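K.L.:
sequence-free structure coming up:
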């Protein structure tokens, strides 16, 4: 099968990319707007891209309603980061998967996804946006840059503080304790995910 991306509509390209580039980690991003209202939303076009400085990046798309002729506007996450320059990336494990999906609903600007999903927040240490208390890992980030490539938006952030649930990392080595962290992975759209409990080692050659 050969696919010429130049002949596909954006939605069709998304289907191909989101189906084949898997599993993807999920960035469950919390932000606040200029008045302090908290927003939470998941994004699977996300990853870590460096450690010096530590950087993460994710791609929040636009809200749109082409059927009603409403123009596309940035999602609340992108608008809030534009205002405050800060955000928190909360990671998703099996215990919070259902709640994460609930926060994917497109609510009116300023409506709390946290409350709607029955979640709780805790203050961050260095940034204004709170972290999700139920999340096993939270990265406090400041925006380094937001790149616009066509209709894509890529938010690049530097990580300044990390919250990790006790037991996930060895405090001496900072390496993962096997069996203590089982994040969910994003598979094909619209509704497919995978568990990561079945893990194994493949040592690299010396």
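P.N.:
Structure received. Only a predicted model underlies this, so the values are computations on that prediction, with no experimental measurement involved. Residues are numbered from 1 along each chain as shown.
K.L.:
In the chain, spot the helix with the most residues.
P.N.:
For the chain, the longest helix by residue count, based on DSSP state H, is helix 10-20.
K.L.:
Can you report how many residues lie near residue 27?
P.N.:
Neighbour count of residue 27, defined by other C-beta atoms under 10 Å: 29. (C-beta placed from N, C-alpha, C; glycine too.)
K.L.:
I'd assumed residue 87 was in contact with it.
P.N.:
No - judged on C-beta atoms under 8 Å, residue 27 makes no contact with residue 87 at a distance of 9.1 Å.
K.L.:
Contact partners for the residue nearest to residue 152 when sequence neighbours are not counted?
P.N.:
Computed as C-beta to C-beta, 6 or more residues apart in numbering, the closest residue to residue 152 that is not its neighbour in sequence is residue 59, at 6.1 Å. Listed by C-beta atoms under 8 Å, 6 or more residues apart in numbering, the contact partners of residue 59 are 43, 45-46, 152-155.
K.L.:
For the longest helix of the chain, give me every contacting residue.
P.N.:
Around helix 10-20, the neighbours that count as contacts under C-beta under 8 Å, 6+ apart are 3, 5, 8, 44, 151, 186-189.
K.L.:
For that helix, which residues meet the burial criterion?
P.N.:
For helix 10-20, burial by neighbour count (16 or more other C-beta atoms under 10 Å) applies to residue 18.
K.L.:
again with stretch 140-155
P.N.:
140-141, 146, 153, 155.
K.L.:
could the residues you listed go into TSV alongside pLDDT?
P.N.:
Compiled in TSV, the buried residues of stretch 140-155 are given as follows (pLDDT from 0 to 100):
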residue	pLDDT
140	98
141	98
146	97
153	96
155	98
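K.L.:
from these, which two are the most distant?
P.N.:
The span of the buried residues of stretch 140-155, defined through C-beta to C-beta, is set by 140 and 153 at 21.0 Å.
K.L.:
sorry, back to before: just the contacts of residue 59: which has the poorest pLDDT?
P.N.:
Among those, residue 152 carries the lowest pLDDT, at 92.
K.L.:
ok, now how distant is the residue nearest to the spatial centre of the chain from residue 167?
P.N.:
In the chain, the centroid-proximal residue (C-alpha atoms, centre = their mean) is residue 27; its distance is 1.6 Å. Applying C-beta to C-beta, to the nearest Å, the value for residue 27 to residue 167 is 22 Å.
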